[in-house]
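Asker: I'd like to go over a predicted model; first the sequence, then the structure.
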Amino acid sequence: MLRKGTRLNDTYIIEEEIGAGGGGVVYKAYHERLKTWVVVKQIREKVKGILESRAEADILKRIKHTYLPRVYDFLEADGEIYTVMDYVPGRSLDKVLKEEKKIAPGQVLKWAEQLAEALAYLHGQTPPIIHSDIKPANIMLTPEGNICLIDFNISLAFDSGMKTSTGTSGGYSPPEQYGNIGGYRRSAGLLPAGKEPVFTDETAAAGPEGIDEDATVTVSAGKTAETKETETAREIENMVGRGVDERSDIYSLGATLYHLLTGVKPDRNFEKIVPIDRYGLNLGKGFLVILRKMMQLRPEDRYQNGGELLYALQHIYELDDEYKAYRAGRRGLKLLTAALWIAGILLTAAGAGLRVRELNTSYNRSVDAAETAMENGDFEAARGYVETAKATLPGRIQAYEKEALLLYRTGDHEGTIRYISDIIQNPAYAVKEEEDKKALADIYYIAAHSYMEMEDYSNAALNLEKAVRLDPTNSLYFRDYAISQAKQGKTEEAEACLEEAVKLGLGEDSIYMVRGEVSFVQNRYEEAAEYLEQAISTSTDGDLRKRAVLLYDDIFRELGDAYLEEEIAFLEQEESRESGSAAGMNLTERLADAYARKAEADGESREEYYRKALDRFLALYENGYTTRQMMENIAIIRQALGEYDQAEEMLFAMAEQYPDSYISYKRLAYLEAERQQEKENQERDYSRMKEYYDRARELYGDQDTDQEMQMLDNLIRDLKDGNWL
């Protein structure tokens, strides 16, 4: 056991033990270089041999997904092996269950889709990563209301035979996860044959309150409970010891969702699990179908991986009886009303046809004008054209595609994803023609790019798959699908996608771009730079050229501050070339960031480069590029230059635009502290700083991931101790 204060690898300082399980002991620790809290897990003895004998540790270090913790490091100290991951703030779902007993179906469905996204990502790795211990205790509910799946079984990233498991969690583990039938029977606490309590129809009618967790489900007409139990027991005996794979995670997630919905943990004895539809929950037919399939005892009868489950959840409405009846009814309705419709339309065809043509012309002009305005960087005008188009023909999809593109080009990538998710789930448009299908494909394509900007390449790939299905003739979709695979380290898959794109006539510049991405992922920076230079010099596609330039800049960033002046010269040249375009705005943001890094690295020209950075950031802000990060950057530089009033004004605007964010008040507290520090002792008044701190602390809540908030806590404590407050 590691003691508090123990230093690992001269980087991680152990704070406390926070858990222990089948995989090892878990500690909270402080990452000195990154100034953040992390989780250090000591790997159990039987797992060590797998880690030491395989070279795929980098697979886990590449994991980056919204609903998974990031793996920072693998290290060895004093003969022990440790993993280092993100520390995820919030409450585990087992604690949520203790407080709330059970969770509303709508909330569980949202979490189910997020967890399915995480599993689709893990199972899509090469080799697949199996979690093997999904249960409420290993799912965190973050302060933002999202899910994070923690503590996945490290050994199963490396065991190609899929046999390794660090134990079972009774009620959540599927039959195949148990090592032998004796171990399963001991875990299940099976009684001698003939003495098991039987779950009768009368008990079921009593509802969830009358259900005995140890009850055994009776069988359908024609078979006795004893016969059914014998068959099920035989099935279980055949499955025990088969070893875990992706389908094992599907069962465990199904059992977890069952517990969240019913408030009852599934019985350790598989023969005694009460079917979820007997609880009388208002789940909807689609959700019931999915849950039943997830918890099938035979792996072959479940969804085969996270990707299949995610697809089912995203198309859950197709499983509902009402939807099926609607589809069937629509066919009959069309036949029934056809004659009446034809008779009526003939009377008004001339006038209506003219009106439709006018509306379509007006609509198309607005859509085209929105595109032109975006290309010119005039986002306000583009927004107006989009609204005009939607008001003209609200049932057409093209304006929604342009609205998604507008959000993406203003840099609001999270907002873009939320918007697209909403219009996909609640469409106000119809997809009728081939042109509509291509617009829908473009919407998925925009979502994919937003995920790429957030470095969530798994979800980017999922959206590109949907785009490819809708329009398999678009070589650019295959190109970017290849890039999303390369970003995940799946270079063979990337090459296969590139080959498909080339068959569809992919341009030379795009081929160079994909080659550059693959080389970059493989850390072959010189080779990557050569490919990207070719892409930049040959491409006439502004978007592709911008991406090549930004990736070229990423090479400079990887090489460090020694290349900072070369990076600035490169970005200045490219910014000048793209002046006034949407691509130019991205380059301006990169250049401003490079100037700020130069100011921090070079004391002699500190003010000069801060001024250059501020000028660029302000130009973006005034042109509608008003993200939270942009506003914070401006405030930080203003403060660094001693322009306290202007910094305060920006932070007030930020607090108004993002009222639920603690960051603006944290920055205001630091700003006020610096103001008071510049005064004589007798003139100092820290009361306003304390007000800002209190508001930041209220919004921050129980998190403990922001080192600056911890420093602010200490500063307030020191001020109190010194009688300043």
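Answerer: Arrived safely, thanks for sending.
Asker: C-alpha only now, for contacts and for neighbours.
Answerer: Noted.
Asker: so how many other residues sit close to residue 452?
Answerer: 20 (other CA atoms under 10 Å).
Asker: Hmm, I typed the wrong one, I wanted residue 3.
Answerer: Around residue 3 there are 12 other residues, counting by other CA under 10 Å.
Asker: Ok, residue 38 next?
Answerer: For residue 38, the count of nearby residues is 26 (other CA under 10 Å).
Asker: what about it, helix or strand, and which?
Answerer: strand 36-43 (DSSP states H and E).
Asker: What of residue 18?
Answerer: Here residue 18, judged by DSSP H and E, is contained in strand 12-21.
Asker: That strand packs against which elements?
Answerer: strand 7-8, strand 24-31 (3 or more CA pairs under 8 Å, 6 or more residues apart in numbering; DSSP states H and E).
Asker: so of those strands, which one's packed in deepest?
Answerer: strand 24-31 (a mean of 22; mean count of other CA atoms under 10 Å).
Asker: Tell me the strands beside it, with direction?
Answerer: Paired strands of strand 24-31, with direction, are strand 12-21 (antiparallel), strand 36-43 (antiparallel) (DSSP bridges).
Asker: who's in contact with the last one?
Answerer: Think strand 36-43. Contact partners of strand 36-43, identified using CA atoms under 8 Å, 6 or more residues apart in numbering, comprise 23-31, 80-87, 704-707.
Asker: ok, back up a step: for the helices and strands packed on strand 12-21, give me TSV that also has mean pLDDT.
Answerer: Listed next are these as TSV, based on pLDDT from 0 to 100:
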stretch	mean pLDDT
strand 7-8	88
strand 24-31	86
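Asker: could you redo the ones you listed as CSV and give each row distance to residue 677?
Answerer: Below are those laid out as CSV (distance: least, CA to CA, whole Å):
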stretch, distance to residue 677
strand 7-8, 35
strand 24-31, 29
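Asker: just so I know, which of the ones you listed lies nearest residue 252?
Answerer: For those, the distance to residue 252 is smallest for strand 24-31, at 20.0 Å, taking CA to CA.
Asker: tell me the phi and psi of residue 557?
Answerer: phi -60, psi -40 (degrees, to the nearest 10).
Asker: And the pLDDT for it?
Answerer: Looking at residue 557, its pLDDT reads 92.
Asker: Tell me which residues touch it, please.
Answerer: Contact criterion CA under 8 Å, 6+ apart gives 563-564 as the residues in contact with residue 557.
Asker: quick one: it and residue 522, what's the gap?
Answerer: Distance, residue 557 to residue 522, by CA to CA, to the nearest Å: 16 Å.
Asker: Check which residues of stretch 233-248 are buried.
Answerer: By neighbour count on 16 or more other CA atoms under 10 Å, the buried set for stretch 233-248 is 236-237, 239-241, 243-248.
Asker: quick one: which two of those residues are the most distant?
Answerer: Spanning the widest gap among these are 237 and 246, at 20.2 Å by CA to CA.
Asker: Give the buried residues for the strand holding residue 38.
Answerer: 36-43.
Asker: Just the C-alphas of it, formatted as CSV.
Answerer: Taking C-alpha atoms only, strand 36-43 is exported to CSV below (Å, rounded to 0.1, in the frame of the first residue of the first chain):
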residue,chain,number,x,y,z
THR,A,36,-4.2,18.4,-11.8
TRP,A,37,-5.6,15.5,-9.9
VAL,A,38,-5.3,12.0,-11.4
VAL,A,39,-6.1,8.4,-10.4
VAL,A,40,-3.2,6.0,-9.9
LYS,A,41,-4.1,2.3,-10.0
GLN,A,42,-1.8,-0.4,-8.8
ILE,A,43,-2.2,-3.4,-11.0
